[in-house]
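Chemist: this one's sequence-less:
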């Protein structure tokens with residue numbers, strides 16, 4: 001009972017999943033991914049093992065089509081599932097079981113897939129995709145957010161709204177961005193607020209966190225503070241409220 005967008009940013013190679021629904025804590029179970037690996041969203045009557053097993057298959061170098069074929073082929077409840085995947089080469093594939101609640105389905109474009117179920121109509125996924133393609137000049141995270149906002153404007157989840165999430169992976173298995181609204185009357189509005197708050201200190205602070213490419217001792221706190229302050233000033237100038 002959800003719609004989501006799964007994409008690869010052609011400029012940076014990052015993978016992202018953005019999702020919204022009228023259910024609690026959608027970010028806890030639907031979006032999965034990994035840096036230099038791919039991403040997927042498992043939804044409808046969600047099978048969370050699709051996330052775990054799907055990432056294993058992507059690590060093996062399986063294509064998006066192969067991931068879906070393998071996961072749904074061994075799932076007796078597949079008629080109730082919806083799944084879409086983007087692999088390390090930017091190829092997408094989707095599956096919507098025949099027992100998913102209308103409106104349900106998916107659309108795709110270059111390195112992007114949008115899928116949903118129990119929606120107001122097909123225009124929800126169509127407008128989500130259209131907004132994502134249109135706003136190619138935006139930063140990847142804002143582009144995903146704008147896409148979801150367009151889908152909501154087109155009707156969104158026909159039951160209402162409750163939670164939303166954006167997760168982005170760059171080089172590492174852990175997400176570079178993980179922002180969630182678990183329970184809110186206007187989750188996308190709150191997600192946008194948290195997105196702005198995250199760029200003030202949380203995200204630039206991660207520049208100094210250990211990674212696969214860097215496991216150095218952090219610098220003095222004063223240097224970290226200067227970096228975060230300069231980052232926020234620059235980011236705010238490019239993203240006025």
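Modeler: On my side now, so go ahead. A quick note: this is a predicted structure, and the numbers were derived from the prediction, not measured.
Chemist: contacts for the biggest helix by length in the chain?
Modeler: Criterion DSSP state H: the longest helix present in the chain is helix 221-238. Contacts with helix 221-238, where a contact means CB atoms under 8 Å, 6 or more residues apart in numbering, come from 199, 200, 201, 203, 204, 205, 207, 208, 218. (Each C-beta comes from the backbone N, C-alpha and C, glycine too.)
Chemist: rounded to a whole number, what's the mean pLDDT of the helix or strand hosting residue 193?
Modeler: Residue 193 belongs to helix 187-198 when assigned by DSSP states H and E. Averaged across helix 187-198, pLDDT comes to 98.
Chemist: which strands and helices sit next to it?
Modeler: Identification of packing neighbours for helix 187-198 by 3 or more CB pairs under 8 Å, 6 or more residues apart in numbering; DSSP states H and E yields helix 140-153, strand 163-169, strand 177-181.
Chemist: Just say which of those is most tucked in.
Modeler: Each of the helices and strands packed on helix 187-198 was scored by mean neighbour count; the highest is strand 163-169, a mean of 26, by mean count of other CB atoms under 10 Å.
Chemist: which other residues reach it?
Modeler: With CB under 8 Å, 6+ apart as the test, strand 163-169 has contacts from 14-21, 23-27, 30-31, 33-35, 37, 39, 140-141, 144-145, 148, 175-184, 187-188, 190-191, 195.
Chemist: contacting residues for the nearest residue to residue 152 once chain neighbours are set aside?
Modeler: Nearest residue to residue 152, sequence neighbours excluded (CB to CB, 6 or more residues apart in numbering): residue 188, at 5.6 Å. Residues near residue 188 by CB under 8 Å, 6+ apart: 20, 145, 148, 149, 152, 161, 164, 181.
Chemist: so how far is residue 144 from residue 188?
Modeler: To residue 144, residue 188 is 11 Å away according to CB to CB, to the nearest Å.
Chemist: burial of residue 4, as a residue count?
Modeler: Residue 4: 31 surrounding residues under other CB atoms under 10 Å.
Chemist: show me the contacts for it.
Modeler: With CB under 8 Å, 6+ apart, residue 4 has these contacts: 17, 18, 19, 20, 30, 31, 41, 43, 84, 114, 115, 116.
Chemist: And the pLDDT at the closest residue to the last one other than its chain neighbours?
Modeler: By that I understand residue 116. Among residues not flanking residue 116 along the chain, residue 3 sits closest, at 2.8 Å (CB to CB, 6+ apart). Looking at residue 3, its pLDDT is 95.
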